[in-house]
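S.K.: Could you look at this predicted model? Sequence included:
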Amino acid sequence: MGTGLVKPFRIAVALLLSTCFAFAGETRTWEQSKFDELIKGTAEGVAINSVGGLELAPALKALTTTSSTYIWAIAADRDGTLYAAAGSPARVYRITPDGRSVVIFEPQELQVQALAIGKNGAIFAATNPDGKIYKIEPAAAGKESSKKETEQKSVVDSGWTSSVYFNPETKYIWDLKLDDAGNLYAATGDRGQIFRVTPKGEHSVFFQSDEAHIRVLAFDAKGNLIAGSDGSGLVYRVSPKGEAFVLYSAPKKEITALAIDSAGNIYAAGTGEKHAGPAPTPAALPVTPQASPAAAAAQAPPLQITINPSPAASTLLPALNFPGFAAVLTGGSEIYKIAPDGSPSRFWSSHEDVVYALAFDSRGRLLAGTGNRGHIFAITAADQYTDLLKASAGQVTAFAPALDGALYTSTSNLGKVFLLSASPASEGWYASDVFDAHVFSRWGRTEFRGVGNVELLARSGNVDNPDRNWSEWHKVDLQKENEANVPAARFAQWKAVLHAGNPAPRVESVTLNYLPKNVAPEFDDVSVQPGVRYTPLPKMPGSDTGSSASGSQARIEIPPTSTRDRDSIGVRWSVHDDNDDQMVYSVYYRGDGETRWLLLKDNLTDKSYSFDASLLPDGGYTIKVVASDAPSHSPGDALTAEKQSARFEVDTTPPQIESLSAVLEPGSLHVMFRARDSFSAIKRAEYSVDAAPWQFVGPVGELSDAKTESYDFQVSLSVGSLASDHVVVVRVYDHYDNMVAAKAVVRGR
């Protein structure tokens with residue numbers, strides 16, 4: 001598109017087609033503008049706003065990739081030199097603004113967890129587990145290196161010396177902070193203590209909590225120490241005198257990061273679900289194997305693995321005991337805002353992302369570094385945010401100020417350091433997710449809303465993977481509304497390239513119009529159930545004509561309600577249409593031996609129909625249902641499909657009883673009759689004498705399987721009853737339970 005500016009407008013792009021397929025019906029649209037839609041795509045240097053739209057993200061430059069898997073903390077001096085606390089292996093790296101990196105400290109412990117830089121340039125580094133706080137300083141001129149440094153000078157820069165500054169004799173040291181007077185504060189676990197170490201090296205317990213861990217520290221403008229815990233998710237304010245007050249008990253169990261803005265608002269990130277009882281054992285951060293077997297052999301023996309890495313990984317890397325990292329797998333994170341008056345509110349939340357670090361950028365936006373997708377979010381107001389960018393690592397773990405308003409950003413899995421610029425990148429691109437039209441479609445006009453220097457491209461293909469022989473990207477001319485040569489196909493995708501300029505580029509929405517090739521409906525089944533009646537479904541407003549406005553919304557199918565009714569025959573069918581067209585149905589019937597289909601009912605919209613069984617003479621029949629997509633297409637363009645049911649039988653006529661006779665014989669009553677049905681076999685017969693209970697009687701041949709059956713049987717009578725009159729009633733059922741009854745009167749002797 002060059003350097004021209006794009007103003008908000010709607011553009012049309014007619015697509016050239018080399019096929020002769022018939023496309024008919026309602027034009028449909030695929031629109032992307034909302035965050036939930038755009039987040040499915042791929043962004044490089046492009047940020048996605050929670051209210052929708054795309055914009056350029058800040059430039060993210062990779063400075064260095066360390067040999068450690070994890071970087072837990074970073075701190076920068078006034079010259080912009082960065083120091084990184086790392087694990088696996090445990091090291092402190094010194095990284096210059098141009099990305100040159102050297103190791104200045106390598107302890108025996110497994111992790112270097114926290115860092116702080118004194119005003120005189122001394123580096124304080126805390127190690128885990130069962131760790132200590134070390135003081136790392138440049139070696140004096142001419143001073144010889146220690147033995148360890150001499151032996152490892154190929155790894156550790158011998159220009160630096162280290163010594164134990166303080167040993168708190170606790171399991172974990174999680175964070176370090178220095179006040180203006182040079183006092184060092186250490187957040188520890190598993191006894192939930194904060195230690196203070198004076199510049200003279202004098203140390204004491206500054207605050208004792210009833211939590212298992214104090215995880216993070218920050219100073220407010222009044223010199224109060226703000227602390228976050230793991231266990232009950234508490235945010236403390238501790239005065240310079242050590243007097244503590246709980247500002248907030250978060251819904252989450254662990255506070256993982258703190259940040260305080262210029263107005264005094266405290267932002268606290270929480271993760272993990274609270275559970276009754278003692279605090280659970282800290283779990284491990286997910287491991288992405290990186291170390292070689294040789295490097296792993298030099299490390300300390302591995303701790304217990306609590307995540308499920310591959311078998312190879314469990315032999316290479318120790319698990320890192322870090323409270324709250326069990327929540328990496330479940331629970332997501334929340335960020336809480338505590339106002340200067342102490343009132344708390346939920347500021348941001350995510351079900352997927354876990355917040356490891358908080359900071360403010362040069363525009364005053366709150367940045368959240370998260371895992372395990374490596375995303376950085378910029379949060380501007382309650383639940384208003386921008387998915388700023390994604391680092392090429394699993395977790396974004398720390399921020400530190402750099403020169404010119406930029407920020408250093410560190411990651412774990414892999415242990416990398418990036419420079420996050422204060423200004424947008426000069427260029428970025430975004431590729432949408434692949435859209436499936438479900439059928440071969442013609443791609444038509446494209447609608448674009450946005451500002452600034454934006455290029456729009458499109459492509460199409462017939463497999464869901466665009467790397468498998470799709471068309472090339474074709475540029476859409478947003479100035480002249482020229483045609484774009486995108487072939488007709490089932491799948492499509494668009495791409496936006498944003499170039500820095502004034503005004504800043506922004507994509508509000510992109511809409512592709514398309515016309516699916518009409519395909520005939522397809523039947524899955526047609527079933528007939530004698531003795532069933534279906535209740536017609538209520539008609540919804542607007543259901544009589546056309547399909548949905550976008551043509552991409554599947555309709556809600558409501559199953560029909562059925563009742564037993566022996567005088568009805570119910571027909572039900574299942575049919576689908578890949579175009580999601582509206583359908584109308586016609587139901588036909590045909591008797592055995594007939595060639596002509598007769599219409600029962602047409603213009604049906606339900607997928608069921610019932611009719612009176614007496615409409616059909618006794619006999620065998622087949623039902624045919626014809627489906628048409630005519631309501632969604634122009635006259636002459638509709639397609640139909642049909643399917644026949646299995647053969648079924650209709651018998652509504654009862655059988656006949658012939659030649660019923662009953663005569664008295666010595667001690668008994670002799671009954672004879674014949675039952676005949678015009679269509680189905682005689683099912684059973686019963687008799688009753690003088691209103692006695694019904695009694696089953698079998699036919700002469702015993703097996704009841706013919707349309708005509710004869711019955712001949714004797715009913716015993718008492719001697720005294722021979723002089724009385726008797727009434728004999730018989731009834732007969734055919735195969736479909738049609739019944740007929742007859743009676744005979746016998747005069748006594």
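M.R.: Alright, I've got the coordinates.

S.K.: Please list all residues in contact with residue 627.
M.R.: Listed by Cβ atoms under 8 Å, 6 or more residues apart in numbering, the contact partners of residue 627 are 521, 523, 573, 575, 577, 583, 584, 585, 640, 641, 642. For every residue, glycine as well, the C-beta is placed using N, CA and C.

S.K.: so where do the helices sit in the stretch 201-350 of the chain?
M.R.: For the stretch 201-350 of the chain, the helices defined by DSSP state H, counting those that start in this stretch cover 293-297, 311-316.

S.K.: pLDDT of the last one, averaged?
M.R.: Okay, so that is helix 311-316. For helix 311-316, the per-residue pLDDT values average out at 31.

S.K.: same thing with the shortest one?
M.R.: Helix 293-297 carries an average pLDDT of 33.

S.K.: Could you do stretch 233-242 as well?
M.R.: On average, stretch 233-242 scores 96.

S.K.: so how far does that stretch reach from one end to the other?
M.R.: In stretch 233-242, first residue to last residue: 20 Å (Cα to Cα, to the nearest Å).

S.K.: buried sites along that stretch?
M.R.: With burial defined by 16 or more other Cβ atoms under 10 Å, the residues of stretch 233-242 counted as buried are 233, 234, 235, 236, 237, 238.

S.K.: tell me the strands in the stretch 251-400 of the chain, going along the chain?
M.R.: 252-260, 266-273, 283-284, 321-322, 333-338, 344-350, 354-360, 366-371, 375-381, 384-390, 395-401 (DSSP state E, counting those that start in this stretch).

S.K.: Looking at the ones you listed, spot the one closest to residue 472.
M.R.: Across the strands of the stretch 251-400 of the chain, the minimum distance to residue 472, taken as Cβ to Cβ, is reached by strand 384-390, at 26.4 Å.

S.K.: Now do the strands in the stretch 501-650 of the chain.
M.R.: Counting by DSSP E, counting those that start in this stretch, the strands of the stretch 501-650 of the chain are 506-516, 522-535, 561-576, 584-591, 598-604, 608-612, 619-628, 640-644, 648-650.

S.K.: Single out the most deeply packed of these.
M.R.: Among the strands of the stretch 501-650 of the chain, the stretch with the highest mean neighbour count (mean count of other Cβ atoms under 10 Å) is strand 506-516, at a mean of 21.

S.K.: Extract the C-alpha set from it and format it as CSV.
M.R.: The C-alpha trace of strand 506-516 is given here as CSV (Å, rounded to 0.1, in the frame of the first residue of the first chain):
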residue,chain,number,x,y,z
ARG,A,506,-5.0,0.7,13.8
VAL,A,507,-7.3,-2.0,12.5
GLU,A,508,-10.8,-1.9,13.8
SER,A,509,-12.4,-4.7,11.9
VAL,A,510,-12.1,-6.8,8.7
THR,A,511,-15.1,-8.5,7.1
LEU,A,512,-15.0,-10.9,4.2
ASN,A,513,-18.2,-11.5,2.2
TYR,A,514,-18.6,-14.9,0.6
LEU,A,515,-21.1,-17.0,-1.2
PRO,A,516,-21.1,-20.8,-0.6
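
S.K.: tell me the angle of the helix or strand hosting residue 31 relative to strand 506-516?
M.R.: Assigned by DSSP states H and E, residue 31 belongs to strand 28-32. Going by axes from the mean of the first three to the mean of the last three Cα atoms, to 10 degrees, strand 28-32 is angled at 160 degrees with respect to strand 506-516.

S.K.: Dihedrals phi and psi, residue 657?
M.R.: Here is the backbone geometry of residue 657 (degrees, to the nearest 10): phi -110, psi 130.

S.K.: related to what we said a few turns ago, which single one of the buried residues of stretch 233-242 is nearest to residue 603?
M.R.: Using Cβ to Cβ, those come closest to residue 603 at residue 233, 63.5 Å.

S.K.: Can you tell me how far the nearest residue to that closest one once chain neighbours are set aside is from residue 611?
M.R.: Spatially, and ignoring its direct neighbours in sequence, residue 233 is nearest to residue 250 (3.6 Å; Cβ to Cβ, 6 or more residues apart in numbering). Between residue 250 and residue 611 the computed distance is 66 Å (Cβ to Cβ, to the nearest Å).

S.K.: still on that earlier bit, in JSON lines: the strands of the stretch 501-650 of the chain, plus mean pLDDT and distance to residue 197.
M.R.: Output for the strands of the stretch 501-650 of the chain, formatted as JSON lines (pLDDT from 0 to 100; distance: least, Cβ to Cβ, whole Å):
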{"stretch": "strand 506-516", "mean pLDDT": "92", "distance to residue 197": "50"}
{"stretch": "strand 522-535", "mean pLDDT": "94", "distance to residue 197": "76"}
{"stretch": "strand 561-576", "mean pLDDT": "92", "distance to residue 197": "73"}
{"stretch": "strand 584-591", "mean pLDDT": "96", "distance to residue 197": "84"}
{"stretch": "strand 598-604", "mean pLDDT": "95", "distance to residue 197": "85"}
{"stretch": "strand 608-612", "mean pLDDT": "95", "distance to residue 197": "81"}
{"stretch": "strand 619-628", "mean pLDDT": "96", "distance to residue 197": "82"}
{"stretch": "strand 640-644", "mean pLDDT": "95", "distance to residue 197": "82"}
{"stretch": "strand 648-650", "mean pLDDT": "93", "distance to residue 197": "92"}
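
S.K.: Nearest to residue 718, out of the strands of the stretch 251-400 of the chain?
M.R.: With Cβ to Cβ as the measure, strand 266-273 is the member of the strands of the stretch 251-400 of the chain nearest residue 718 (84.5 Å).

S.K.: Given the closest one, what are its sheet partners and their directions?
M.R.: Sheet pairing of strand 266-273 (DSSP bridges) gives strand 252-260 (antiparallel), strand 333-338 (antiparallel).

S.K.: Next, the angle from the last one to strand 354-360.
M.R.: Which is strand 333-338. For strand 333-338 against strand 354-360, the angle between stretch directions is 40 degrees (the same axes, to 10 degrees).

S.K.: now what about strand 333-338, what contacts it?
M.R.: Under the criterion Cβ under 8 Å, 6+ apart, residues 235, 247-248, 250-252, 256, 265-271, 327, 344-350, 353-355, 358, 366, 368, 370, 379, 382 lie in contact with strand 333-338.

S.K.: Could you work out which of the strands of the stretch 501-650 of the chain reaches nearest to residue 137?
M.R.: Between residue 137 and the strands of the stretch 501-650 of the chain, the shortest gap by Cβ to Cβ is with strand 506-516, which sits at 49.1 Å.

S.K.: partners of that closest one, with directions?
M.R.: Here, using DSSP bridges, strand 506-516 pairs with strand 28-32 (antiparallel), strand 54-56 (antiparallel), strand 435-451 (antiparallel).
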